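**Student:** Build me a structure from this.
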Amino acid sequence: MNDEVFLNERVDVVVRFGTGANPCVPVKFRRANGREVVVTEIGLRTPLAQGRKTVHLFDVTDGEADYRLEFDSERLTWRLTMEGDRC
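**Tutor:** Numbering: from 1, shown residues only. A predicted model of the protein is given here:
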């Protein structure tokens, strides 16, 4: 990501569940201002241990900007933590 803005914004996410290497795939998310972002590509998906809980990181894009979504598997909540311009 280039020219990143660090955020801590709660978002609503639509995900697709399946099997295989990526059982949970974000499809789109709605920001606090009502703007809906449709995910066109996932660049990175990785679990990250934070104490006793696991947070799943997703680097995604809508083709115009890059985003980092974090799913808290304990609280079952999503946060938008980073937004950046496409290179």
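
**Student:** use CA for all of it now, contacts and neighbours both
**Tutor:** Fine.

**Student:** for this structure, which spans come out with low pLDDT?
**Tutor:** 1-2, 87 (pLDDT under 70).

**Student:** pull the longest strand from it.
**Tutor:** When the chain is parsed with DSSP state E, its longest strand is strand 2-17.

**Student:** in its sheet, what does that strand sit against?
**Tutor:** strand 24-30 (antiparallel), strand 77-85 (antiparallel) (DSSP bridges).

**Student:** Not counting its own residues, what contacts that strand?
**Tutor:** Strand 2-17 is contacted from outside by 23-32, 77-87, using C-alpha atoms under 8 Å, 6 or more residues apart in numbering.

**Student:** Filter these down to just the buried residues.
**Tutor:** With neighbours counted by 16 or more other C-alpha atoms under 10 Å, the contacts of strand 2-17 contain buried members at 25-30, 78-84.

**Student:** got a list of what the most centrally placed residue in the chain touches?
**Tutor:** The residue lying closest to the centre of the chain (C-alpha atoms, centre = their mean) is residue 69, at 2.0 Å. Going by C-alpha under 8 Å, 6+ apart, residue 69 touches 57, 58, 59, 60, 78, 79, 80, 81, 82.

**Student:** 10 Å instead, please
**Tutor:** Residue 69 makes contact with 8-11, 13, 26, 29, 45, 55-60, 78-83, according to C-alpha atoms under 10 Å, 6 or more residues apart in numbering.
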